[in-house]
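K.L.:
Show me the folded form of this:
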Amino acid sequence: VQLQASGGGLVQTGGSLRLSCAASGRTFSSHTMGWFRQAPGKEREFVAAINWSGGSTSYTASVKGRFTISRDNSKNTVYLQMNSLKSEDTAVYYCAAGTGVGVVRWEYWGNGTLVTVSS
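P.N.:
A predicted model of the protein is given here:
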């Protein structure tokens with residue numbers, strides 16, 4: 001599975017962005033998909049994940065209620081809708097594909113897309 005993330009950019013505090021991650025390969029629909037981010041000087045952290053069907057999602061606490069992960073298996077694409085953006089959301093965002101039940105093993109990583117939130 002090859003992953004290509006896009007949609008990052010510069011946005012003001014309180015604004016919105018939608019990230020996309022396009023996947024190649026016929027097995028996209030069988031993978032759990034996730035978004036991670038890495039802020040300057042910090043370690044990469046989990047942001048959100050969605051199971052193969054889209055019926056189950058999870059989020060890190062700091063983005064709950066503001067971010068929404070979704071997927072379109074017909075387009076081999078996963079999205080991250082980010083609303084009410086804060087300066088602390090500034091980071092490089094990565095998408096990932098993984099397998100496993102309960103604990104996901106993240107096997108494939110995409111390029112990063114930079115999100116900058118300015119006040």
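K.L.:
Where does residue 21 sit, in terms of helix or strand?
P.N.:
Using DSSP states H and E, residue 21 falls within strand 17-24.
K.L.:
OK, contacts around the residue minimising distance to the centre of the chain?
P.N.:
For the chain, residue 35 is the residue whose C-alpha lies nearest the centre (CA atoms, centre = their mean; 2.6 Å). Residue 35 makes contact with 19, 21, 47-49, 69, 78, 80, 93-96, according to CB atoms under 8 Å, 6 or more residues apart in numbering. The way it works is simple: take the backbone N, C-alpha and C, and place the C-beta from them, glycine included.
K.L.:
Same list (those) but as JSON lines, adding secondary structure and pLDDT.
P.N.:
Rendered in JSON lines, the data for the contacts of residue 35 read as follows (DSSP: H, G, I helix; E, B strand; the rest coil; pLDDT from 0 to 100):
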{"residue": "19", "secondary structure": "strand", "pLDDT": "98"}
{"residue": "21", "secondary structure": "strand", "pLDDT": "97"}
{"residue": "47", "secondary structure": "strand", "pLDDT": "98"}
{"residue": "48", "secondary structure": "strand", "pLDDT": "98"}
{"residue": "49", "secondary structure": "strand", "pLDDT": "97"}
{"residue": "69", "secondary structure": "strand", "pLDDT": "98"}
{"residue": "78", "secondary structure": "strand", "pLDDT": "97"}
{"residue": "80", "secondary structure": "strand", "pLDDT": "98"}
{"residue": "93", "secondary structure": "strand", "pLDDT": "98"}
{"residue": "94", "secondary structure": "strand", "pLDDT": "98"}
{"residue": "95", "secondary structure": "strand", "pLDDT": "97"}
{"residue": "96", "secondary structure": "strand", "pLDDT": "97"}
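K.L.:
okay, those in CSV with distance to residue 109 next?
P.N.:
Listed next are the contacts of residue 35 as CSV, based on distance: CB to CB, whole Å:
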residue, distance to residue 109
19, 14
21, 10
47, 14
48, 15
49, 14
69, 16
78, 13
80, 15
93, 12
94, 6
95, 8
96, 5
